[in-house]
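1. Generate coordinates for the sequence data below:
(one chain, ligands or ions: 1)
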Amino acid sequence: MNLELESIFYEESNIPPEFTLEQQVDQREFLSDGKMIPWEGQINEVFSPICVKTKDGLQRKRIGSFPVCTEKESMAALDAAVHAFDNGRGEWPTMSVADRIICVENFTKKMIEKKDIVVKLIMWEIGKSYTDSIKEFDRTVEYIYATIDALKDIDRQSSRFEIEQGIIAQIRRSPLGVVLCMGPFNYPLNETFTTLIPALIMGNTLLFKPPKHGTLLHYPLLEAFRTSFPKGVVNTIYGRGNNIVPSLMQSGKINVLTLIGSSKVADELKKLHPKVNRLRAILGLDAKNAAIITKDADLNLAVSETVLGSLSFNGQRCTAIKIVYVHRSIAQEFLKRLTAEVEKLKFGMPWEKGVSLTPLPELNKPAYLTECIEDAIAHGAKVINPNGGQVAESFVYPAIMYPVNANMKLYREEQFGPVIPVVPFDDLEEPIEYLIESSHGQQVSIFSNNAAVISSLIDPLVNQVSRVNINCQCQRGPDNFPFTGRKDSAEGTLSVVDALRAFSIRSLVAAKFTDDNKKMLNEIVSSNSSNFLSTKYIF
Ligand code: G3H
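-> Here you go, the predicted structure:
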């Protein structure tokens with residue numbers, strides 16, 4: 001099988017020209033304080049998960065390089081963001097909402113002009129299928145427009161005075177300060193922008209560190225950031241996280257940490273801030289979502305949703321189904337049908353039509369997944385599907401592991417890859433107990449055609465996780481729905497509207513409702529002399 005797997009990779013000359021990068025992207029500059037700063041120091045070379053066949057065997061294709069800056073440059077970027085915020089007196093935090101929206105709209109138009117190269121870079125940097133890379137780009141643009149609409153709504157509701165108990169007040173949402181924004185590699189554009197854009201549009205200033213895999217795709221957008229926002233509002237930082245991020249946190253000048261990534265990193269970073277109460281954290285973290293397939297489930301539906309849930313983008317989604325509990329009485333039939341469906345999945349290069357399974361970007365992932373599979377075998381599980389767990393360089397063929405038990409790594413660890421651990425159960429209390437004991441609490445999928453069974457699961461589970469999916473896989477969308485988690489899975493809630501709230505705080509201007517105050521407030525409003533105290537209505 002190894003030989004056959006290797007054949008999924010192309011010789012360089014056979015890659016369809018419409019999917020190749022015109023040239024390697026060697027980034028030698030970064031955006032800080034409104035300028036593209038040239039960089040001549042250390043660089044990080046970027047090798048795609050997509051390998052090419054050479055006379056020396058398979059080799060990851062080099063696609064470019066980016067700066068590895070030091071603490072000096074990241075601290076300079078921090079100063080720029082602090083200066084642009086200027087204790088809330090900067091041009092950006094005091095700008096009217098309508099004008100901020102215009103800046104974000106301008107940015108989005110320029111971003112759309114870069115769609116082709118950004119989509120190709122998503123595909124080449126992280127191995128996401130071309131179709132899904134396009135979807136990621138389009139979903140991000142839709143998210144930005146939805147954010148603008150949501151902010152207009154919030155602003156319309158705030159463009160009036162309220163009178164309570166003899167006090168007149170205007171209540172608006174105000175920015176929090178300097179935001180350190182870090183996104184994940186699996187949705188390097190979309191998930192990064194689902195925090196970056198709301199943070200920005202609410203009037204905060206930003207330090208933005210692109211994900212380790214998925215850095216280059218942000219390069220074509222830097223000029224759009226530079227020309228759409230006042231200087232110092234968006235600053236990029238490049239470099240090894242553990243070299244440049246700790247001093248940013250220790251400075252005490254970061255007001256908001258937003259990170260989609262690991263709970264371990266988030267924990268460590270939060271603790272470095274000298275004034276914990278001044279730091280707001282908005283985090284999307286690890287998850288180990290379970291599917292619970294009861295004996296009265298529609299088995300075909302449960303199988304197709306399990307395949308989607310556990311193997312979309314090779315299982316590299318925080319919302320992926322990462323463990324499957326199946327009632328022992330139907331386990332064999334479930335495994336048979338699951339194996340058949342997995343076998344139907346097309347594997348190959350990301351540009352191939354209909355491809356589902358593609359190479360993995362993390363260098364150590366194939367070895368880690370192999371280790372998990374071997375550990376499960378040593379503790380009594382079997383690889384159920386033919387060729388499950390076979391590796392060819394960066395590609396791992398999905399493995400269905402059964403029966404998985406509590407002694408195995410796959411029982412607790414977030415594999416974040418194409419391995420499906422299946423656990424048999426006799427009593428519904430077993431998966432419920434698993435979720436109670438889990439250190440994660442993002443979502444669960446429950447499969448049953450019996451309303452009584454479903455309802456007996458809903459009440460205990462909604463208090464363990466943040467979303468219970470009935471007869472379907474776990475997922476983040478629709479983006480207007482709250483996306484969050486309990487325990488180590490998240491802090492704060494992201495949805496189009498929730499994110500705007502998360503990156504802002506309510507501030508109000510209040511006065512006794514006297515004739516003198518009425519006169520003064522009228523004067524301020526009619527002279528347009530304050531952006532906060534204003535009854536202008538955004539259409
Ligand atoms: O990595 C986690 C993503 O938020 C998953 O989003 O469920 O829409 O694929 P999705």
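2. Double-check residue 536 against residue 156; I have them as touching.
-> No. Using C-beta atoms under 8 Å, residue 536 is not in contact with residue 156; the gap is 9.9 Å. The way it works is simple: take the backbone N, C-alpha and C, and place the C-beta from them, glycine included.
3. Tell me how far the closest residue to the ligand within the stretch 101-250 of the chain lies from residue 151.
-> Closest residue of the stretch 101-250 of the chain to the ligand, C-beta to the nearest ligand atom: residue 186 (5.1 Å). Counting by C-beta to C-beta, to the nearest Å, the gap from residue 186 to residue 151 is 27 Å.
4. Next up, the contacts around the spatially most central residue of the chain.
-> When the chain is reduced to its mean C-alpha position, the closest residue under C-alpha atoms, centre = their mean turns out to be residue 191, at 3.2 Å. For residue 191, the contact set (C-beta atoms under 8 Å, 6 or more residues apart in numbering) comprises 183-184, 260, 284.
5. Among those residues, name the ones in strands.
-> Among those, the ones falling in strands (DSSP state E) are 260, 284.
6. Turn the contacts of residue 191 into TSV, columns for neighbour count, pLDDT and distance to the ligand.
-> Compiled in TSV, those are given as follows (neighbours: other C-beta atoms under 10 Å; pLDDT from 0 to 100; distance: C-beta to the nearest ligand atom, whole Å):
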residue	neighbour count	pLDDT	distance to the ligand
183	26	94	10
184	22	97	6
260	25	95	7
284	30	97	7
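7. Redo the contacts of residue 191 as CSV? Include distance to residue 463.
-> Shown next, in CSV, are those (distance: C-beta to C-beta, whole Å):
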residue, distance to residue 463
183, 30
184, 27
260, 24
284, 20
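8. where exactly do the strands run in the stretch 151-300 of the chain?
-> Taking DSSP state E, counting those that start in this stretch as the test, the strands found in the stretch 151-300 of the chain are 162-164, 167-175, 178-182, 205-209, 234-236, 256-260, 280-284, 289-293.
9. what is the mean pLDDT for the fifth one?
-> This predicted structure assigns strand 234-236 an average pLDDT of 98.
10. packing partners for that strand?
-> strand 29-32, helix 71-85, strand 205-209, helix 222-228 (3 or more C-beta pairs under 8 Å, 6 or more residues apart in numbering; DSSP states H and E).
11. so for the second one, what's the average pLDDT?
-> Computed over helix 71-85, the mean pLDDT rounds to 98.
12. tilt between that helix and strand 205-209?
-> In terms of direction (axes from the mean of the first three to the mean of the last three C-alpha atoms, to 10 degrees), helix 71-85 departs from strand 205-209 by 150 degrees.
13. Pull the distance from helix 71-85 to the chain's centre.
-> From the chain centre to the centre of helix 71-85 is a distance of 24 Å (C-alpha atoms, centre = their mean, to the nearest Å).
14. same check, this time on the first one
-> Put simply, strand 29-32 sits 23 Å off its chain's centre (C-alpha atoms, centre = their mean).
15. pull the CA atoms of that strand into CSV?
-> Provided in CSV are the C-alpha atoms of strand 29-32 (Å, rounded to 0.1, in the frame of the first residue of the first chain):
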residue,chain,number,x,y,z
GLU,A,29,9.2,42.8,5.0
PHE,A,30,6.4,43.1,7.5
LEU,A,31,3.8,45.7,8.5
SER,A,32,4.5,47.8,11.6
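16. Adjacent strands (with direction) for that strand?
-> Applying DSSP bridges, strand 29-32 is found paired with strand 35-38 (antiparallel).
17. now the third one
-> In the sheet, strand 205-209 lines up against strand 178-182 (parallel), strand 234-236 (parallel) (DSSP bridges).
18. neighbours of residue 432, just the number please.
-> Residues near residue 432, counting by other C-beta atoms under 10 Å, number 20.
19. what does the protein have sitting close to the ligand?
-> By C-beta under 6 Å from any ligand atom, the residues of the chain that approach the ligand are 186-187, 191, 317-319, 475-477.
20. Is there a neighbour count for the nearest residue to residue 44 once chain neighbours are set aside? I'd like the number.
-> Among residues not flanking residue 44 along the chain, residue 68 sits closest, at 5.0 Å (C-beta to C-beta, 6 or more residues apart in numbering). Around residue 68 there are 16 other residues, counting by other C-beta under 10 Å.
21. which ones are touching residue 68?
-> When contacts are counted by C-beta under 8 Å, 6+ apart, residue 68 touches 41-44, 238-240.
22. Compute the distance between it and residue 38, please.
-> Distance, residue 68 to residue 38, using C-beta to C-beta: 15 Å.
23. Check residue 131 too.
-> Going from residue 131 to residue 38 by C-beta to C-beta gives 37 Å.
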